[in-house]
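*Asks:* okay, here's the prediction I keep looking at, along with the sequence it came from:
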Amino acid sequence: MRISKEKAAENRASLIRAASKLIRERGIDGVGVAEISKEAGLTHGALYAHFKSKEELALEALAFGLDQTATRMYSATVNGMPDLGAYLDAFLSVEARDDYANRCPMAAAASEIGRQDRAISSRFTEGYMVMVRAFERQIADNAPGSDALGRAMVVVAALIGSIAVARGSAKGNPLVSEQVLAAARTLVDEMMRAPARGAADAGPNRGAAAR
């Protein structure tokens with residue numbers, strides 16, 4: 001029995017949502033097509049009617065999750081730019097730490113992306129750079145003369161790594177897990193607002209010594 005184009009599109013979207021959820025919960029290598037199909041309420045045949053392989057579905061699922069992350073970043077704005085303070089509060093929260101299925105797919109899958117194919121690695125990199133560019137603009141405004149791109153790259157890497165460490169330690173030592181999140185929030189703020197090194201070196205004490 002043939003299905004309509006609308007139903008086919010609905011089924012495809014259901015598979016992508018299911019794969020995105022399960023991959024964030026269990027990892028790309030930790031979930032199979034049977035589980036994804038069941039989560040979507042469909043059969044193996046329906047899955048392979050839309051995707052040639054699990055890898056192709058994983059790529060679409062990663063793209064879906066990264067789009068969610070970008071949408072969340074821009075859900076609150078200040079003068080047309082993302083409200084990164086609000087975004088950081090949400091990203092580095094205990095709620096985000098515990099919500100594998102619906103939060104940043106980069107934090108959920110960073111440790112295994114390097115074992116995947118080039119297409120998935122490229123999409124991961126694109127998502128990473130979307131976040132980097134948002135932070136780069138704010139850092140450039142807050143700390144003129146600094147290496148805004150370099151700082152932004154470190155900030156986003158720190159966010160991803162902090163969530164990974166917080167999740168890894170949450171069951172064994174919840175206090176350490178929460179301290180990681182709090183420390184990351186403080187240090188990211190400092191990196192986003194600290195003056196450029198040259199400006200600090202040109203302070204009054206340095207000038208007095210030169211004279």
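*Replies:* All right, it came through fine. Numbering: from 1, shown residues only.

*Asks:* touching, residue 130 and residue 68? I think so.
*Replies:* No: Residue 130 is beyond contact range of residue 68, at 11.8 Å (criterion: CB atoms under 8 Å). Where C-beta positions appear, they are placed from N, C-alpha and C, glycine not excepted.

*Asks:* state which helix of the chain is the longest.
*Replies:* helix 118-142 (DSSP state H).

*Asks:* what mean pLDDT does the next helix or strand after that one have?
*Replies:* Where DSSP states H and E defines the elements, the next helix or strand beyond helix 118-142 is helix 148-170. In this model, helix 148-170 has an average pLDDT of 96.

*Asks:* and helix 148-170 with helix 118-142, angle?
*Replies:* 120 degrees (axes from the mean of the first three to the mean of the last three CA atoms, to 10 degrees).

*Asks:* where does pLDDT dip in the protein?
*Replies:* 1, 195-211 (pLDDT under 70).

*Asks:* how about the strands in it?
*Replies:* Along the chain, counting by DSSP state E, strands occupy 77-78, 81-82.

*Asks:* what sits up against the last one?
*Replies:* Counting by CB atoms under 8 Å, 6 or more residues apart in numbering, the neighbours of strand 81-82 from elsewhere in the structure are 73, 74, 76, 134, 137, 138.

*Asks:* need the max-distance pair from the residues you listed.
*Replies:* Within the contacts of strand 81-82, 76 and 137 form the most distant pair, 15.6 Å apart (CB to CB).

*Asks:* would you list the phi and psi of residue 144?
*Replies:* Dihedral pair for residue 144: phi -60, psi 140, per degrees, to the nearest 10.

*Asks:* ok, it - how many residues close by?
*Replies:* 11 (other CB atoms under 10 Å).

*Asks:* likewise for residue 53?
*Replies:* Neighbours of residue 53 under the rule other CB under 10 Å: 11.

*Asks:* with residue 190 instead?
*Replies:* 8.

*Asks:* repeat that for residue 19.
*Replies:* The burial count for residue 19: 29, using other CB under 10 Å.

*Asks:* would you mind listing which of the contacts of strand 81-82 are buried?
*Replies:* In the contacts of strand 81-82, burial by neighbour count holds for 73, 134, 138, counting by 16 or more other CB atoms under 10 Å.

*Asks:* re earlier: so can I have a markdown table of the contacts of strand 81-82 showing distance to residue 36?
*Replies:* As requested, the contacts of strand 81-82 are exported to a markdown table (distance: CB to CB, whole Å):
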| residue | distance to residue 36 |
| --- | --- |
| 73 | 27 |
| 74 | 29 |
| 76 | 32 |
| 134 | 31 |
| 137 | 37 |
| 138 | 37 |
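
*Asks:* which one among those residues gets closest to residue 189?
*Replies:* Each of the contacts of strand 81-82 was scored against residue 189 by CB to CB, and residue 138 proved nearest at 11.2 Å.

*Asks:* right, and that closest one touches residue 192 too?
*Replies:* Yes: with contact defined as CB under 8 Å, residue 138 reaches residue 192; the gap is 6.2 Å.

*Asks:* spit out the residues that contact these two alike.
*Replies:* residue 84.

*Asks:* show me how far stretch 162-177 is from its chain's centre.
*Replies:* Distance of stretch 162-177 from the chain centroid (CA atoms, centre = their mean, to the nearest Å) equals 17 Å.
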